[in-house]
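Quick one: sequence plus predicted model below, questions after.
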Amino acid sequence: MANQKYNLKEEIEQVREDCLRPTRKWGRSTQIWIGSLLMVMAWGLYCYIHQLRNGLGVTAMRNYVSWGLYISTFVFFIGISHSGTLVSAILRITKQEWRRPITRSAELLTFVSLLFGGIMPIIDLGRPDRIANLVIFGRVQSPLLWDVISILTYFTGSTVFLFLPMIPDMALCRDRLKVCETKFDKFRKWLYTKMALGWQGTKTQWHRLELTMTIMTIVIIPVAVSVHTVVSYIFAMTLRPGWNSTVFGPYFVAGALYSGSAGVILGMVAFRKLYSLEKYITPRHFDLMGRIVLALTMIYAYLNLNEYWIPAYKMATAEGHLLNDLFSGSYSIAFWTCQFGTVLIPIIVLAIPAGRKLIPITITCIIIVLGAWVKRYLIVVPTLLHPFMPIQEVPGSWSTYFPNYVEFSVTAACLAGIFLVITLFAKMFPMMAVWEVEEGIQIEYDKQAAIELREQRETEEAKNILGNAGTANEPIIQQA
Amino acid sequence: MIEENKENINPESKTTNRRNLLKYGFLTAGLTVAGIGLKKVFSEGNDPGETVKVLTPDGKVYETCSTQLKEYRPGPVTNAEARKGIPNKKFVMVIDLAKCDGCKKCTEACQAMHYTEPDREWIKVFKMHEAEATAPFYFPKPCFHCDNPPCTKVCPVNATFKREDGIVLIDNERCIGCRMCMAACPYSTRFFNWSAPDEKQTAQLGNAAYSPEQSVPRKIGTVEKCDFCPDMIRQGKMPACVSGCPMNVIYFGDQNEDAVTNASGVTVKLSQLLEDNAGYRHLEELGTEPRVYYLPPKNRKYPTPNVNAPGGRENKKPTELNMGDMHM
Amino acid sequence: MKMKSIINKITLSIIFTSLICVISTAQDKSEVKSKRETAIEMSYNKKADKSKIAVALVTAKNEAGKFIPANNVQVNFYAKHNNDEQLIKSANTNNKGEANILLPKDLPLNDSMYFNIIAKIENNNQFENAQEQMHFKEANLSFSLDSKDTNRMVIAKVTEMSKDGKEIPVKGVELKFYVCRLFGTMPASEDNNITTDDKGEASFAYPKNIPGSTEGVITLVAKIENNEKFGSIENKVAEPWGTVLAIEKEPFPRALWEPTAPFPLVITISSLFGGVWLVYFFLFYQLKKIKEETKIKTVKN
Ligand code: SF4
Ligand code: SF4
Ligand code: SF4
């Protein structure tokens, strides 16, 4: 048994090493990557300033299509942000052991996409200079204010949710970073110390952390659901054909969950490859995540059916024109490609075990994420082009819409922003919750130990091991 | 002097109105200005002009001469007053589709009054053709000033608001330009100032004071729409589109008085008009409760619109206005 | 031969075209010189405040040969008495083509008590000279109201002045009753054509349920419209005969479209999100605690 204990320590050491390694060096490729992201963002910023100076007229939006790519992207980003809640909170609540290596990236994705998702509507404002009016004159009757409230709530919640499990890790980083020669290292040391909140891994601290984690895990789920529901309400609270639908809330939530978890898989793939985490993120993880996405796709497909088949059966006047345009008109190619690509293909691919292997699941998830984006666009734009009053005798630019370079650039800048924040985060902080993974290993050991215990009936040694379980961090702290 | 003016302004119903005046003891700036105007008129000699009415901010009507009215240029009312509206009034519009020949004079009058660019039609004349077999007709559509206004419900900052007198206005100095109201209005009534107003407009208006009642000078990044011309109403005049219609299609009035008036001054009983002509409201099923009523297009005496033109709820293909490279 | 004929044709065509040119320019010139044909219509209104107004409606022929209202045309008004014309005043037409003036109180009257007004367009460089005259007699329209019974009656009386200054009732004058509304006068009922009797009186049963102001006040108007002898005369009186307009108790109720939200909505939203934020604050408190606990420990160490 002494042998085993030694192994445990070594393995934990290995985990820590694997997790913290990427934070130590900033390679050439990282610099190039960050540089190009900054360039995209700079160009986007330039375009946004152009938009600020000359008004939203520099975009392709006009009076009929008064919401375009920005709002579609807003809905899409908010959708992606649901990943964190799902994977992290739901799997935590259901005590899924395999969640441990992927929770951090999922929570990070939530945090970042929410950050930029929240920026999108501000970019879309005609008068961003008057944003304070939302607080001064805010009307609680407006779905937009619900959005503001619930997104702020969710953002705060997901920040806390990301931060809580980071505390022990920050302490670890703080303690491991001994030599601070460069200014940057000094900054990091300072940051880690601040973020660790003086964590020392005492019993009461662990107790408090577990308590807060449990509460947060429960609270964040309804908050996340509320966010996407009220995002759908900015459409569903209108009388417009195509938006005037009672199924919009669940439809958006399902769409968000499924595109979000596909996003998590993509994140897993990326970090696994870049940081050589093959040992932790195993084919089993992809298999299980694949099953989840499969289930969510089916829910989404079911709601899709409700959303389109019910009105299509009735073909009410105004709604009928919209559906005709989607099914067989100018949007039909995009619509059917999107429906087949994001519903049929994932269901078929993910239903077979071979489809849940690394390569096919990556491709499927890329399709899902892009398809979800297109789908948001197809929810927002065609409806605006099918108002109750006919579109007659208007300038040509009013009756069609395709985003122009300004909108693409600004949106691309936001996407680049998401990547940049993720990259910087990954370069500063461990991308796996070290202590959680350790805990997982510990539990594994405990299990094995218990089995051995039963077999060998060596009670005394077993007690020793169990005694270790509560204070995983202790040896390290002593080292430091 | 002031007392004298009052008497001059409404000599005919001296007793009652004077009693009211004394009772309420108000004296509005408008009346004072009118008084100054009056003095000027008298010093120049007697020129009666027409008798017209002036609506004071608290909803009282005064009759005065049109010549005085020229002097009586009400400065924009305060924001608080503009948000409150004219008490004890409920403005309505009735549009008689049987008489509309699609000449768009209403649109032109409105555009001239509000310095709008030609593509922004606060009152737009649609060519409607609801079904293959039904007759096409012209359909002028202003803002309906709905009593259950979807646009107002969704505004996050109360920039769009519903007044006591039923008018739905926009405060362009508060609007944050989220365009939620444009998405919510089912009648495509609202327009957005995508770019700065063109130079011609700015030159015409200069640094004129803004009031939600005038909707000008327009502000970039905010929404605008038909405002039922409350600034005209305060002067006792009907909205520009109403008096601009050569066919007497549009009636305007106060529902509380159960009367509406058209361009040639014919005043009729609103309830009677709606009853006799089977008046209706557009898309009643949406429940927005418009304040604009329509009289069905029966017995039309003008050429019907081109049937081939796409229109009505058919909405097959948007038709385009050839305006060159006009900016928004 | 051929050559000649071609030359002939060319010369001919040249002559022809130049001729056309000459004719057309001549026409142009004549058009420039010619003034627009003008017509005047006159009417006379006596307002409720006893002011007398003469109106001249000026129309002029346009290119299509239609008479349309002409604005900004100077019209001179003359009072005619015993072949002697005296200028009263000039006025310019407005954009409806109307020029109107206030008539002086002491208009010269002829033996049968008529006055005679002439409107003229003179020496205008755009419009042809035109003139029109009207003669009317002065009449008085007075009101009395009778509300003894439940049936309210409006009685109007029309009188004219005799030469010796007496008021004589006029029989057979058509009257109409109106009520004042915001933008115009509305017929008080559907058939409100009433003719005066021997006493010069016309009575009218006032219909119920005409909405009045918040005090129930209604302004009633009696009008004689375009009478051959008397022109148009109106008189009005304000009386609390209308139905009282109820003042809206709550013009701005709590509603989805008003600035203030309905209570259930406020309560729902604030309790939902307030609850979440309370939990957040509890969590922040816990985090603070975590931090504090360290300090204690370091002190101990
Ligand atoms: S017509 Fe449209 S803009 Fe006008 S009040 Fe109704 S919803 Fe609002
Ligand atoms: S665009 Fe302006 S008026 Fe319309 S909802 Fe937004 S803030 Fe209100
Ligand atoms: S009511 Fe006034 S603002 Fe509205 S369409 Fe008529 S003129 Fe334009």
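On my side now, so go ahead. Numbers count the residues shown, from 1 in each chain, chains lettered A, B, ... in the order given. Ligands and ions are numbered 1, 2, ... in the order given.

residues contacting residue 182?
Going with chain A. By CB atoms under 8 Å, 6 or more residues apart in numbering or on different chains, A:Thr182 lies in contact with nothing. C-beta here means a position set from N, CA and C on the backbone, and glycine is covered the same way.

my bad, the chain I had in mind was chain B
Counting by CB under 8 Å, 6+ apart, B:Met182 touches A:63, A:66, B:151, B:190, B:192, B:223.

Point out where the chain drops to low pLDDT.
As the question left the chain open, I've gone with chain A. A:1-6, A:22-24, A:458-480 (pLDDT under 70).

oops, chain C please
By pLDDT under 70, the low-scoring segments of chain C are C:1-33, C:149, C:295-301.

Swap in 80 and give it another go.
Applying pLDDT under 80 to chain C flags the ranges C:1-34, C:147-151, C:165, C:189-193, C:293-301.

Going along the chain, name the helices of it.
Taking DSSP state H as the criterion, chain C contains helices spanning C:2-33, C:263-300.

quick one on the thing from earlier: which members of the contacts of B:Met182 are classed as buried?
Those of those that meet the buried threshold are A:63, A:66, B:151, B:190, B:192, B:223, by 16 or more other CB atoms under 10 Å in any protein chain shown.

which residues does the third one contact?
For B:Cys151, the contacting residues are B:160, B:168, B:181-182, B:184-185, B:189-190, taking CB under 8 Å, 6+ apart as the criterion.

Please apply the same query to the second one.
Contacts for A:Ser66 (CB under 8 Å, 6+ apart) come out as A:384, B:179, B:182-183, B:192.

ok, now A:Ile443?
Residues in contact with A:Ile443, defined by CB under 8 Å, 6+ apart, are A:Glu97.

Would you pull up how far the host helix or strand of it lies from the middle of the chain?
Secondary structure assigned from DSSP states H and E places A:Ile443 in helix A:434-456. Here the centre of helix A:434-456 is set off from its chain's centre by 31 Å, with CA atoms, centre = their mean, to the nearest Å.

Now do the buried residues in it.
Judged by neighbour count using 16+ other CB under 10 Å, the buried positions of helix A:434-456 are A:434-442, A:445-446, A:449, A:452-453.

Pick the one among these closest to ligand 1.
Set against ligand 1, the nearest of the buried residues of helix A:434-456 by CB to the nearest ligand atom is A:Glu436 (52.2 Å).

residues in contact with that closest one?
Counted by CB under 8 Å, 6+ apart, A:Glu436 has contacts A:100, A:103, A:165.

So the first one is in contact with A:Gln442, correct?
In other words, A:Arg100. No - judged on CB atoms under 8 Å, A:Arg100 makes no contact with A:Gln442 at a distance of 10.9 Å.

measure the residue most central in space within chain B to chain C for me?
With distances taken as CA atoms, centre = their mean, the residue of chain B nearest its centroid is B:Phe228 (2.2 Å). B:Phe228 sits 13 Å away from chain C when distances are taken as CB to the nearest CB, to the nearest Å.

A:Val293 now?
From A:Val293 to chain C the distance is 28 Å (CB to the nearest CB).

How about the contacts made by the residue lying closest to that residue once chain neighbours are set aside?
Nearest non-adjacent residue to A:Val293, counting by CB to CB, 6 or more residues apart in numbering or on different chains: A:Ser261, 5.2 Å away. Taking CB under 8 Å, 6+ apart, we find A:Ser261 in contact with A:83, A:86-87, A:289, A:292-293, A:296.

could these be laid out in TSV, adding secondary structure and distance to ligand 1?
Shown next, in TSV, are the contacts of A:Ser261 (DSSP: H, G, I helix; E, B strand; the rest coil; distance: CB to the nearest ligand atom, whole Å):
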residue	secondary structure	distance to ligand 1
A:Ser83	helix	37
A:Leu86	helix	38
A:Val87	helix	42
A:Met289	helix	45
A:Ile292	helix	43
A:Val293	helix	41
A:Leu296	helix	37
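
So which of these is the closest to A:Ile359?
For the contacts of A:Ser261, the minimum distance to A:Ile359 (CB to CB) is 14.4 Å, reached by A:Met289.

That closest one - how many residues pack around it?
26 (other CB atoms under 10 Å in any protein chain shown).

residues in contact with A:Asp147?
By CB under 8 Å, 6+ apart, the contact list for A:Asp147 reads A:121, A:230-231, A:233-234.

tell me the SS of A:Val65?
coil (DSSP: H, G, I helix; E, B strand; the rest coil).

So the closest residue in space to it that isn't next to it in sequence, which state does it fall into?
In this structure, A:Val65 finds its nearest non-sequential neighbour in A:Tyr401, 3.8 Å apart by CB to CB, 6+ apart. Assigned state for A:Tyr401: coil (three-state reduction, three-state DSSP).

what comes up buried for stretch A:105-123?
When burial is assessed from 16+ other CB under 10 Å, stretch A:105-123 yields the following buried residues: A:105-121, A:123.

And for stretch B:259-274?
Quick answer for stretch B:259-274 (16+ other CB under 10 Å): B:259-263, B:267-270, B:273-274.

could you dump that stretch to PDB, C-alpha only?
This file holds the C-alpha atoms of stretch B:259-274, laid out as PDB (Å, rounded to 0.1, in the frame of the first residue of the first chain):
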ATOM      1  CA  ALA B 259     -66.700  64.500 -34.300                       C
ATOM      2  CA  VAL B 260     -64.200  64.500 -37.100                       C
ATOM      3  CA  THR B 261     -63.400  67.100 -39.800                       C
ATOM      4  CA  ASN B 262     -61.900  66.700 -43.200                       C
ATOM      5  CA  ALA B 263     -59.900  69.000 -45.400                       C
ATOM      6  CA  SER B 264     -62.800  71.000 -46.700                       C
ATOM      7  CA  GLY B 265     -64.000  71.700 -43.100                       C
ATOM      8  CA  VAL B 266     -66.900  69.300 -43.200                       C
ATOM      9  CA  THR B 267     -67.500  68.100 -39.700                       C
ATOM     10  CA  VAL B 268     -69.400  64.900 -39.100                       C
ATOM     11  CA  LYS B 269     -70.400  62.800 -36.300                       C
ATOM     12  CA  LEU B 270     -67.800  60.100 -35.800                       C
ATOM     13  CA  SER B 271     -70.100  57.400 -34.600                       C
ATOM     14  CA  GLN B 272     -72.500  58.100 -37.400                       C
ATOM     15  CA  LEU B 273     -69.700  58.100 -40.000                       C
ATOM     16  CA  LEU B 274     -68.400  54.800 -38.800                       C
END
